[in-house]
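Asks: Below is the structure, and that's it, no one-letter string:
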């Protein structure tokens, strides 16, 4: 079995007075050792809920309502709390967005590292300290032997995030969940942190679930990605395929909404409206109220994720995106004709 | 477009000095100050957009606050439409203040959560004495709401009932209510999702074109700046290290810091990935950018 993490049909619901709200609706994905999987989505898509569910951090009134999570072949979604505690930090490391709030401001970073290392690896204080210095060096902290006794506030944002990564690696985990690890950082620091995560992946064979809203981070760091919308994965596959040739109107819109760098168009392509709230989830395809090509079936029926390992998409009209339409070799049905008419409308966004 | 700049900033300098502690004063220690802005000069012609870019701590927000008159300068000059704020009499200053408005980064904290949207938008109308008749105010609020893509019925609702993008629209309507001419935008879309960001940026460009607004645009996001700015100043540790037209800064950057900033732009990775895919698929016939009209066709009718 090649996959380190296997998530199957995972659903998470939050119980409210108004009934059960579905935050995560049957998502499936897997990550191999040494692989970075990008999970991208806008606020409210459910990407952070997915990360929290994997480490068993969904708090009441939320709970996993269906599906399974396997780590290295062992099912972990139904484990009791004390067994989960043994997994968190030890076998699954976590990196969160804000390095200031993930570190205890009153404790020297060395002590935070030593505590974590001793807990997970059972080393002596002396051994743990040596190990902590190694970890700080590995994550690119200059002069780690003297910096180890500094407090978090003595570090810059980027350096703090390196400490957080060192902490995440302290238990020598198989899997690291990184939830917006670069969002609070300047772009030049972002690049360095991504390079660091890539290096650790390569050298240690750690699998990484990289959760972000930033297409740039995804493009830079991942080979494979899953796009989330309203609690579901709506498109998944190779990063380059999806960025270059998405089959879902939401992914395409998301790509086109990014202002281009090489030219200044008069207008940006925008997706009207906003992500639906959990209390007002539309019937049929959740994206249909914002979709320019939605038709009757999209209003009625929810599309399933179909396709292969290379690329899969949840859109009734995704066939219309296929090569056939471009070459015009397929039989002409109303879907294709309708699309072709729209295709002809010129956009003011030049090719990249 | 007149040749006289609408905003002219000359040798602007701001030093933040930490408050002296009693112990420090007794010991005769001088607090060490931070030169947040050091001899910065630029100007914006009417109806154009000047962007200040730089990383956190570069001084770009300090510049925004100075121009808005929310903090006091230590040295230098700020002229708005030819008038130096510091030397103007109170009446002139007050009139000038109305013409300069601000749109802030976080629409979740910049709107009073206890006020209805109608009150938020109509406050400048009353405070600045632009309108006093209740019916006229209500009509103007409805007009402003529709201008930013909201419904006139939204005036009766509270900020928490709106999404981030809608709240930023409310902030823009309030800015328009004051009949602003110079708008200082401090990271106006960095709290928004990309798909919503495009809506707000399009709206801001539309309003600029229609009303001749002048924008001082503060952002760390170079892709956003590329779309918004006519001219750009690159700030590093309080100093302008490079300035010029957007074409020049993006097309032919000179300073090593500008080059480093541009090299780190995350959006460049997206463009590279798309280009790689296009190169691999030969003609590029299947790439998204050869058929970008798919969603764009709809967009034209949005506003």
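Replies: Everything's here; your move. Given the structure is predicted, the values throughout are model-derived calculations rather than measurements.

Asks: Just give the nearest non-adjacent residue to residue A:305, would you?
Replies: Of all residues not flanking residue A:305 in the chain, residue A:314 sits nearest, at 4.4 Å (C-beta to C-beta, 6 or more residues apart in numbering or on different chains). Just so you know, the C-beta spots here come from the backbone N, C-alpha and C atoms, and that holds for glycine as well.

Asks: Next, that neighbour: phi, psi?
Replies: With angles defined as degrees, to the nearest 10, residue A:314 sits at phi -110, psi 80.

Asks: Number of residues surrounding it?
Replies: By other C-beta atoms under 10 Å in any protein chain shown, 24 other residues sit near residue A:314.

Asks: residues touching it, list them.
Replies: Residues near residue A:314 by C-beta atoms under 8 Å, 6 or more residues apart in numbering or on different chains: A:232, A:233, A:234, A:235, A:248, A:285, A:303, A:304, A:305, A:306.

Asks: can you rerun that using 7 Å?
Replies: A:232, A:234, A:235, A:303, A:304, A:305 (C-beta atoms under 7 Å, 6 or more residues apart in numbering or on different chains).

Asks: again, but for residue A:98
Replies: Contacts of residue A:98 (C-beta under 7 Å, 6+ apart): residue A:184.

Asks: On the three-state scheme, it is what?
Replies: The three-state label given to residue A:98 by DSSP: H, G, I helix; E, B strand; the rest coil is coil.

Asks: and the gap between it and chain B?
Replies: Plainly put, residue A:98 is 14 Å away from chain B if you go by C-beta to the nearest C-beta, to the nearest Å.

Asks: for residue A:267, same thing?
Replies: In terms of C-beta to the nearest C-beta, residue A:267 sits 5 Å off from chain B.

Asks: do you know how far that residue is from residue B:273?
Replies: Distance from residue A:267 to residue B:273, counting by C-beta to C-beta, to the nearest Å: 24 Å.

Asks: same thing with residue A:220?
Replies: Taking C-beta to C-beta, one finds residue A:220 at 9 Å from residue B:273.

Asks: Same check on residue A:184?
Replies: Taking C-beta to C-beta, one finds residue A:184 at 24 Å from residue B:273.

Asks: between those two, which one's more packed in?
Replies: Between residue A:184 and residue B:273, counted using other C-beta under 10 Å, residue B:273 has the larger neighbour count: 24 against 19.

Asks: As a check, name the ranges of all strands in the stretch 1-150 of chain A.
Replies: With DSSP state E, counting those that start in this stretch as the criterion, the stretch 1-150 of chain A has strands at A:3-16, A:19-32, A:36-40, A:62-71, A:74-75, A:92-95.

Asks: burial of residue A:279, as a residue count?
Replies: 9.

Asks: likewise residue A:301?
Replies: Other residues close to residue A:301 by other C-beta under 10 Å number 12.

Asks: Show the contacting residues for it.
Replies: residue A:284.

Asks: Look up how far residue A:228 lies from it.
Replies: 20 Å.

Asks: And for residue A:10?
Replies: 12 Å.

Asks: Give me the more crowded residue out of those two.
Replies: residue A:228 (25 against 22).

Asks: which residue packs closest to that one, ignoring adjacent ones?
Replies: residue A:41 (3.5 Å).

Asks: Show me what the host helix or strand of residue B:210 is packed up against.
Replies: Using DSSP states H and E, residue B:210 sits within helix B:194-211. Using 3 or more C-beta pairs under 7 Å, 6 or more residues apart in numbering or on different chains; DSSP states H and E, the elements in contact with helix B:194-211 are helix A:249-257, helix B:164-177, helix B:222-228.

Asks: related to what we said a few turns ago, could you dump the contacts of residue A:314 to a markdown table with distance to residue B:211 and secondary structure?
Replies: Shown next, in a markdown table, are the contacts of residue A:314 (distance: C-beta to C-beta, whole Å; DSSP: H, G, I helix; E, B strand; the rest coil):
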| residue | distance to residue B:211 | secondary structure |
| --- | --- | --- |
| A:232 | 41 | strand |
| A:234 | 39 | strand |
| A:235 | 40 | strand |
| A:303 | 43 | coil |
| A:304 | 48 | coil |
| A:305 | 46 | coil |
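
Asks: can you list the domains in chain B?
Replies: Following automatic domain parsing, chain B resolves into domains at B:5-22+B:31-256, B:265-303.

Asks: I misspoke; the intended subject was chain A.
Replies: Split into domains by automatic domain parsing, chain A comes to A:3-229, A:270-343.

Asks: Dump those domains to TSV, plus mean pLDDT.
Replies: What follows is the domains of chain A, written out as TSV (pLDDT from 0 to 100):
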stretch	mean pLDDT
domain A:3-229	92
domain A:270-343	74
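
Asks: Nearest to residue B:149, out of the ones you listed?
Replies: Across those, residue B:149 has its closest neighbour in domain A:270-343 (9.4 Å, C-beta to C-beta).

Asks: who's in contact with residue 200?
Replies: All of this is about chain A. Residue A:200 sits next to A:169, A:206 when contact means C-beta under 7 Å, 6+ apart.

Asks: oops, chain B please
Replies: B:165, B:168, B:188, B:189, B:192.

Asks: Quick check: chain neighbours aside, which residue is closest to the second one?
Replies: The spatially closest residue to residue B:168, leaving aside those adjacent along the chain, is residue B:107, at 4.5 Å (C-beta to C-beta, 6+ apart).

Asks: how about the one you found, secondary structure?
Replies: From three-state DSSP, the assignment for residue B:107 is coil.

Asks: Near it, how many other residues are there?
Replies: Residue B:107 has 25 nearby residues by other C-beta under 10 Å.

Asks: how close does it get to chain A?
Replies: With the distance defined as C-beta to the nearest C-beta, residue B:107 ends up 13 Å from chain A.

Asks: Please state the backbone phi and psi of that residue?
Replies: Dihedral angles (degrees, to the nearest 10) for residue B:107: phi -70, psi 0.

Asks: what does the stretch 51-200 of chain A have sitting close to chain B?
Replies: Contact residues, the stretch 51-200 of chain A versus chain B (C-beta under 7 Å from any C-beta of the partner chain): A:186, A:187, A:188, A:190, A:191.

Asks: Could you confirm the fourth one falls within a helix?
Replies: Yes. Assignment of residue A:190 by three-state DSSP places it within a helix.

Asks: Work out for me the element the closest residue to it other than its chain neighbours sits within.
Replies: Distances taken as C-beta to C-beta, 6+ apart put residue A:182 closest to residue A:190, at 4.0 Å, once the chain neighbours are dropped. Using DSSP H and E, residue A:182 sits in no helix or strand.
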